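Trainee: Need the 3D shape of this:
(chains A and B)
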Protein chains: 2
Amino acid sequence: MNPDITRERQHATFDVEKLTHILDGGPEKTRRRREIESMVFSDPDFKEEDPNFLSRSERYDQAVKKSAQMILKLREYGIADPDEIYCYKNCVHPDRPEPLDLHLGMFLPTLLNQATPEQMDRFFMPAWNLEIIGTYAQTEMGHGTHLRGLETTATYDPATQEFVLNSPTISSIKWWPGGLGKTSNHAIVLAQLYTQGNFYGLHAFIVPIRDMDTHIPLPGIVVGDIGPKFGFNEVDNGYLKLENVRIPRDNMLMKYAKVEPDGTYLKPPSAKLTYGTMVFIRSMIVGESARALSKSCTIAIRYSSVRHQSEIRPGDPEPQILDYQAQQYKLFPLLAMAYAFSFVGQYMRRTYNRISGDITQGDFSELPELHALSAGLKAFTTWATNSAIEVCRMSCGGHGYSRSSGLPDIYVEFTPTCTYEGENTVMMLQTARYLLKSYRQAKAGQQLSGIVSYLNEPKHQRVQPQPVAARPTVVDINDLASLVEVYKQRAAILVDLAAKSIEQELQQRKSQEDAWNNSAIDLVRASDAHCHYVVVKLFTDKLVEVGDTAIHSVMSSLALLYALHGITKNSGDFLQAGLLNVPQVLQISARIKELLSQLRPNAVALVDAFDIHDKKLNSVLGRYDGNVYENLFEWARRSPLNSTEVSQICLFDGWQPTKNNN
Amino acid sequence: MNPDITRERQHATFDVEKLTHILDGGPEKTRRRREIESMVFSDPDFKEEDPNFLSRSERYDQAVKKSAQMILKLREYGIADPDEIYCYKNCVHPDRPEPLDLHLGMFLPTLLNQATPEQMDRFFMPAWNLEIIGTYAQTEMGHGTHLRGLETTATYDPATQEFVLNSPTISSIKWWPGGLGKTSNHAIVLAQLYTQGNFYGLHAFIVPIRDMDTHIPLPGIVVGDIGPKFGFNEVDNGYLKLENVRIPRDNMLMKYAKVEPDGTYLKPPSAKLTYGTMVFIRSMIVGESARALSKSCTIAIRYSSVRHQSEIRPGDPEPQILDYQAQQYKLFPLLAMAYAFSFVGQYMRRTYNRISGDITQGDFSELPELHALSAGLKAFTTWATNSAIEVCRMSCGGHGYSRSSGLPDIYVEFTPTCTYEGENTVMMLQTARYLLKSYRQAKAGQQLSGIVSYLNEPKHQRVQPQPVAARPTVVDINDLASLVEVYKQRAAILVDLAAKSIEQELQQRKSQEDAWNNSAIDLVRASDAHCHYVVVKLFTDKLVEVGDTAIHSVMSSLALLYALHGITKNSGDFLQAGLLNVPQVLQISARIKELLSQLRPNAVALVDAFDIHDKKLNSVLGRYDGNVYENLFEWARRSPLNSTEVSQICLFDGWQPTKNNN
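Mentor: Residues are numbered from 1 along each chain as shown, chains lettered A, B, ... in the order given. Here you go, the predicted model:
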């Protein structure tokens, strides 16, 4: 154990294990998580070659082998709880996406939700047994977030009782589905339905794409891998071109909408039934943000406690880089954010579970709010995390750039969350649409409930923000409740500002749609402020649940740092709206410095509490024992370029042009 | 040619070619650049396999082959001007680092600057002829930016007239030098000199590391590749452990400092002589920021003009995504920044050339200012560019994540500039040191000249920023000179604030060093504001040189956008200092929207003017002809995973666990 990191741990003021329980949701959850981790990490079948030293094809092969083993073992050990499956999977493929992700995460659940009993018999069990391997093919080369734009067609032919599927253009080729390129033999294909000469919009069809024995693509199917990406090296994201592919009528998922043998279309009872999955996945991504950020902070903070560099006082030994204020200012606000997002992730999961219970009972009343919240928070947390990972990486100096740090991988695997499951700007605009609708309802006298209820409060119905000095200031910058209040008011004012922008555009005779587009900057800003408020509020709310005094104290400092740091980064908003005055903004800067010093002794303990196993962290810099340098050297020696002492290319004839020219 | 992109070009209001000349520095420079580009791109010896489809070892091998060819051809064509060599090299390895970078960029120049005539004979010509291949080994595993901390030792042994080099600890192993791992047979090693029992600090030694014929490492040398990184796949960044390695006395670079045969040390005439290279490289990095950003903007803006998505008005065809205000707001400020940094890069290069002329004449007077400026601007431009590349990538949606977009590569090759040649936070603090020193001189009544002369102006000697409303406001938000003025005042106020923070710390009986460290946040902020001012000023200054009315008009809009966007992103600073009032901040937001609309018709023309050859851009999304989708499909089909229709791993025994279990 590195003596620096040992000393750090001795200085912690709270019980790390207890904080871990809070993050896991109780001691029993922690125990079971560790049990699963040790099950996987001690299993020789899951031993892997370091992917950093493999080619992409080798990484794919290794991942497929492990996935097949995983399915076997999940069954063998009787692990069936979705959370536990998720935990097991994230140990087998340490936080890396894998070829079966869409099979497990989209193909099977979509069958569960939308297949008829007959289809369940025909597809679900074979899929559960990995005879059928499926994916979910929605996105096309030319069409992503905007589903109505998808071009793939499914035309019903009553003569043969088949659907004929086609990719009518290049841009309609299905593009991106994970596992589609080489792994899957079936795909759930989203296509625009035509029957009896009428158009009925997007529906889901089960399309066999490869022969069940030879795995050769079936006639009319052009399928393959879309090529290397920034990350996702284990995954064969694929393309699929359909050329008059015929499937039987009963391969359309017909639990809700139906096409009868003669081609008659029966519409689904509610359009909201397929809406839940999307909300669920976006809610889950908030938790993924927290995990990626926790890992990054763990690596950067542990490394900063063992790395010594430069000098503060001449003649003194080189200090730990964590002693530099500039380093603390980079990392501690991100650590605070990691805790904030962890608690927001817990909240989203709880809320989803509660509301999905209601949905099962046919009560959709809370779904729109959750939909708006999950869209905005997905964007807010992934954008913030995306930048934060890179700040963590660069805070490790040159070694952060080595793949041994683990940080490049965390970044490339995480960054697509900003784009998939709804592009972030589009998500922010969806939340803004809900906020504006609520705002108008409030203005029309309707009493709002839920998280947007602040739009009711009359004091926000300002015509125009006024000069700062004219406004009385009542904020106590050390009081979290008071800070939640200013975040709330900021959100209200920015929603108001966006609404005003739209009104102005309309007054200039713009259409509703152009007015909306010409106010997009304001709308995104309003959504962002709304989400920021929600995060500050949920972090503050969480403190009430923390009984342990020592933990409560350090969590309060983190929450305060999160809130105050957010204010300094957006101080223009608060000053502009007169919510804070200039002396307060200066006080906040001073207070942040105090909080950094205050948190310094607990920094390592706070990342230890995330309790991320070394095998999941996969980082030489972030090792629990802090023994970085010797292991960096060991790791480097395994580089494939070192497999021979002399690289043959350096001896080849052309290398020494002078000799060659003689 | 894609019809959308053709239409964009038809709508441009200025002559693209003329703007290209301005960027290149004149029509003759443009002509010659294109000549070199066509020389390389039409040369069959430089045809390459798409590196995206190669393993790292294959990428290294391909790069070495091309580098050897390159050296031959540079000589064959008589290209000797450093700028032209740089241009040629950046076509051979399209903006990718390569194994010979340090040989050409550090080994040869260091010999030129610091070798004796005898050493020139012995090393320079063989190195020029690639018999000797060298690198520059400074950074160690445990020591980067802080040079005094380096641990490698060179102890003089007068008995044999040799230096004995050692890596006394694991952390002293040389780590990171490009080309060190497999390519080089010599290294210039930076080591702490000991002779006659005395310590004389860091000096440079030429150390043979591999046998000239067999390329096998010499006795006492442990050398290899440090393993895969985020990028730099072509480069064998290496490690070097020295175990009692003996080199002759005259292998120390002795043009300035000397060790005599008996071990007597003679110190160099001036410590500033080796200072220039560092300043030069940092100045060059500003230009690299501009290039990376120009490429990213070219890709994102061209793609945004051919990509159609969603709808603004229901029923209308899907609009080009460049028509969305949110997309314009992401990209146009970055486009403005690309132009800003291009002009700053030109300025830095000109200034360096002027000052290095003075230095040759023994006049070092301007060096400290240039040193401070290059440090800060290196940090300011690389940080901004680093984030901007990722904004460009994500603005391309999912396809930005594909390596075919070229954007992941631009990012991973660019991002180390934030760390190397001086870690950015350290750079900002160096600039802050100069600003604070100047500030104190000004306060002491000394008249400052140069770029910090604003610190003289008495009106900035404020004790405390005052509430906004109390201050008269004189800024015309449409007048660039007026905006330069507020940026200047902001910088002055933040320097003042940082100085005050240090004073306060000192009053609390902190040592000078602790006071500095406890004010790091304020110091970095002051440097950042100073650099921001310099960039706005230089962009504005550049406009005077632009004679063409149409180009002047569009450049003025870009400069205005750059300045106003910077204000909105930092509006707290301007409000806090009373430099702008709330109505002005609101006006600025409205004005930015107008500028976005105004720039929209010229967006594609403005990136065309960067004139980046498709072979350098290396992006399916950014192709000049805009034919994205068909080429994306073509590119994907070449993915190595598609080399066989059926991936064998998907047929292996373990894949179908059920069948296996039967």
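
Trainee: what's near enough to touch A:A187?
Mentor: When contacts are counted by Cβ atoms under 8 Å, 6 or more residues apart in numbering or on different chains, A:A187 touches A:134-137, A:174, A:177, A:180, A:206-207, A:209, A:240. Where you see a C-beta, it was placed from the backbone N, CA and C, and this is true even at glycine.

Trainee: With pLDDT and distance to chain B added, can I get those residues in TSV?
Mentor: Output for the contacts of A:A187, formatted as TSV (pLDDT from 0 to 100; distance: Cβ to the nearest Cβ, whole Å):
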residue	pLDDT	distance to chain B
A:G134	97	13
A:T135	98	13
A:Y136	97	15
A:A137	97	14
A:K174	98	12
A:P177	97	11
A:L180	98	11
A:I206	98	19
A:V207	98	18
A:I209	98	12
A:L240	98	12
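
Trainee: From A:K378, how far off is the residue sitting nearest the centre point of chain A?
Mentor: Against the mean C-alpha coordinate of chain A, by Cα atoms, centre = their mean, the closest residue is A:I285 at 3.5 Å. Distance, A:I285 to A:K378, by Cβ to Cβ, to the nearest Å: 5 Å.

Trainee: okay, and the common contacts of those two?
Mentor: Residues touching both A:I285 and A:K378 (Cβ under 8 Å, 6+ apart) are A:417, A:421.

Trainee: quick one on the thing from earlier: doesn't the residue nearest to the centre of chain A fall inside a helix?
Mentor: Yes. Applying DSSP: H, G, I helix; E, B strand; the rest coil, one finds A:I285 inside a helix.

Trainee: surely it meets A:T382?
Mentor: Yes. At 6.4 Å, A:I285 counts as touching A:T382 under the criterion of Cβ atoms under 8 Å.

Trainee: Overlap in contacts, these two.
Mentor: Taking Cβ under 8 Å, 6+ apart as the criterion, A:I285 and A:T382 both touch A:T417.

Trainee: Show me where the stretch 101-250 of chain A has its strands.
Mentor: For the stretch 101-250 of chain A, the strands defined by DSSP state E, counting those that start in this stretch occupy A:134-137, A:153-157, A:162-166, A:174-175, A:186-195, A:198-208, A:221-225, A:238-242, A:245-248.

Trainee: I'd like those strands written out as CSV, with distance to B:L506 added.
Mentor: Converted to CSV, these look like this (distance: least, Cβ to Cβ, whole Å):
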stretch, distance to B:L506
strand A:134-137, 63
strand A:153-157, 75
strand A:162-166, 76
strand A:174-175, 62
strand A:186-195, 67
strand A:198-208, 68
strand A:221-225, 63
strand A:238-242, 64
strand A:245-248, 78
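
Trainee: And those: which comes nearest A:T351?
Mentor: strand A:134-137 (24.8 Å; Cβ to Cβ).

Trainee: Could you list the residues in contact with the closest one?
Mentor: The contact list for strand A:134-137 (Cβ under 8 Å, 6+ apart) reads A:102-103, A:106-108, A:110, A:123, A:127, A:174, A:177-180, A:183-190, A:206-207, A:238, A:240.

Trainee: neighbouring strands for that strand, and are they parallel or not?
Mentor: According to DSSP bridges, strand A:134-137 forms sheet pairs with strand A:186-195 (parallel).

Trainee: Would you mind giving the orientation angle of the strand it pairs with with respect to strand A:153-157?
Mentor: Counting by axes from the mean of the first three to the mean of the last three Cα atoms, to 10 degrees, strand A:186-195 lies at 70 degrees to strand A:153-157.

Trainee: For strand A:186-195, what does the pLDDT average out to?
Mentor: For strand A:186-195, mean pLDDT rounds to 98.

Trainee: again with stretch A:381-390
Mentor: Rounded mean pLDDT across stretch A:381-390 is 98.

Trainee: Can you check the pLDDT for A:N660?
Mentor: pLDDT, A:N660: 41.

Trainee: Which helix or strand contains the nearest residue to A:S342 once chain neighbours are set aside?
Mentor: What sits nearest to A:S342 in space, not counting adjacent residues and going by Cβ to Cβ, 6 or more residues apart in numbering or on different chains, is A:A290, at 4.2 Å. For A:A290, the host element (DSSP states H and E) is helix A:275-306.

Trainee: Going toward the C-terminus from that helix, what's the next helix or strand?
Mentor: Following helix A:275-306 in sequence order, the next helix or strand is helix A:325-360 (DSSP H and E).

Trainee: Measure how the following helix or strand past that next one sits relative to helix A:275-306, angle-wise.
Mentor: Sequence-wise, the next helix or strand downstream of helix A:325-360 (DSSP H and E) is helix A:367-395. With the same axes, to 10 degrees applied, the angle from helix A:367-395 to helix A:275-306 works out at 20 degrees.

Trainee: Buried residues, helix A:367-395. List them.
Mentor: By neighbour count with 16 or more other Cβ atoms under 10 Å in any protein chain shown, helix A:367-395 contains the buried residues A:367-386, A:388-395.

Trainee: does chain B sit close to it?
Mentor: Yes. Counting by Cβ under 8 Å from any Cβ of the partner chain, chain B has neighbours in helix A:367-395: A:386-387, A:390, A:394.

Trainee: Please, which helix or strand holds the residue lying closest to A:L580 once chain neighbours are set aside?
Mentor: Excluding its sequence neighbours, the residue lying closest to A:L580 (Cβ to Cβ, 6+ apart) is A:F574, at 4.3 Å. Assigned by DSSP H and E, A:F574 belongs to helix A:571-576.

Trainee: any idea of the mean pLDDT for that helix?
Mentor: 96.

Trainee: Report the contact partners of the spatially closest residue to A:T110 that is not a sequence neighbour.
Mentor: Leaving aside its sequence neighbours, A:T110 sits nearest to A:I188 (Cβ to Cβ, 6+ apart; 5.5 Å). Listed by Cβ under 8 Å, 6+ apart, the contact partners of A:I188 are A:106-107, A:110-111, A:134-137, A:204-207, A:253.

Trainee: can you do 10 Å?
Mentor: Contacts for A:I188 (Cβ atoms under 10 Å, 6 or more residues apart in numbering or on different chains) come out as A:102, A:106-107, A:110-111, A:114-115, A:123, A:134-138, A:177, A:204-207, A:251, A:253.

Trainee: now do A:R33
Mentor: By Cβ under 10 Å, 6+ apart, the contact set of A:R33 is A:20, A:24-25, A:83-84, A:87, A:91, A:611, A:613.

Trainee: Would you quantify the distance from it to chain B?
Mentor: 25 Å (Cβ to the nearest Cβ, to the nearest Å).

Trainee: what helix or strand does that residue sit in?
Mentor: Following DSSP H and E, one finds A:R33 within helix A:27-41.

Trainee: then that helix to CSV, C-alphas only?
Mentor: Written as CSV, here are the backbone C-alpha positions of helix A:27-41 (Å, rounded to 0.1, in the frame of the first residue of the first chain):
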residue,chain,number,x,y,z
PRO,A,27,-26.1,-2.8,3.7
GLU,A,28,-27.8,-5.8,2.3
LYS,A,29,-27.5,-4.4,-1.2
THR,A,30,-23.8,-3.7,-0.7
ARG,A,31,-23.3,-7.2,0.5
ARG,A,32,-25.1,-8.8,-2.5
ARG,A,33,-23.3,-6.5,-5.0
ARG,A,34,-19.9,-7.6,-3.6
GLU,A,35,-21.0,-11.2,-3.7
ILE,A,36,-21.8,-10.9,-7.4
GLU,A,37,-18.6,-9.1,-8.0
SER,A,38,-16.5,-11.7,-6.3
MET,A,39,-18.4,-14.5,-8.2
VAL,A,40,-17.4,-13.0,-11.5
PHE,A,41,-13.9,-11.8,-10.7
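
Trainee: what does the average pLDDT come to for it?
Mentor: The average pLDDT within helix A:27-41 is 97.
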